[in-house]
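Chemist: I need the structure of the sequence given here:
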Amino acid sequence: MKATGTFHVTLNPQDAYATGVDNINLGRMSIDKTFSGDLHGISQGEMLSAMTSVKGSAGYVAIEQVTGTLADKKGSFVLQHFGTMNQGKDALILEVVPDSGSGELIGLSGKMRIKIEDGQHFYEFDFELETSA
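Modeler: Just a heads-up that it's a prediction; the model follows:
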């Protein structure tokens, strides 16, 4: 199945444990999102990032828990992020953490893609929802 829509994200810097050396800036942020479209709900999470001295080169990892409605089913699930930017060219993986689904979303698996156009965030979520007999 596929879900599409938009989301609004707010990132807030948090105190970081580690500090970068050799022109590397390590950061930590909280994530708050509101999803609209086929996935309707909110999420909260945390992000760790590393910015290099080369413009457009960075990496980040994040975990966010999404709570809402997907395919007319209510519950929550966790998305794990792994992203890199190599001089402006990005590679991003968002995947449902196995067995993180709750409520009517138990058995959820899938991958999400994010696009940003003119400042607007869009998602495409390819997912499966296995139901027990």
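Chemist: for the rest of this, base every contact and every neighbour count on C-alpha atoms.
Modeler: Will do.
Chemist: what residues sit buried inside the host helix or strand of residue 6?
Modeler: Per DSSP states H and E: residue 6 is located in strand 2-13. Of all the residues in strand 2-13, those buried under the rule 16 or more other Cα atoms under 10 Å are 4, 6-7.
Chemist: including distance to residue 82 and pLDDT, could those go into JSON lines?
Modeler: Listed next are these as JSON lines, based on distance: Cα to Cα, whole Å; pLDDT from 0 to 100:
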{"residue": "4", "distance to residue 82": "20", "pLDDT": "98"}
{"residue": "6", "distance to residue 82": "20", "pLDDT": "98"}
{"residue": "7", "distance to residue 82": "19", "pLDDT": "98"}
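Chemist: nearest to residue 130 among the residues you listed?
Modeler: Nearest to residue 130 among the buried residues of strand 2-13 is residue 4, at 19.7 Å by Cα to Cα.
Chemist: OK, contacts around the closest one?
Modeler: Applying Cα atoms under 8 Å, 6 or more residues apart in numbering to residue 4 gives the contacts 37-39, 122-125.
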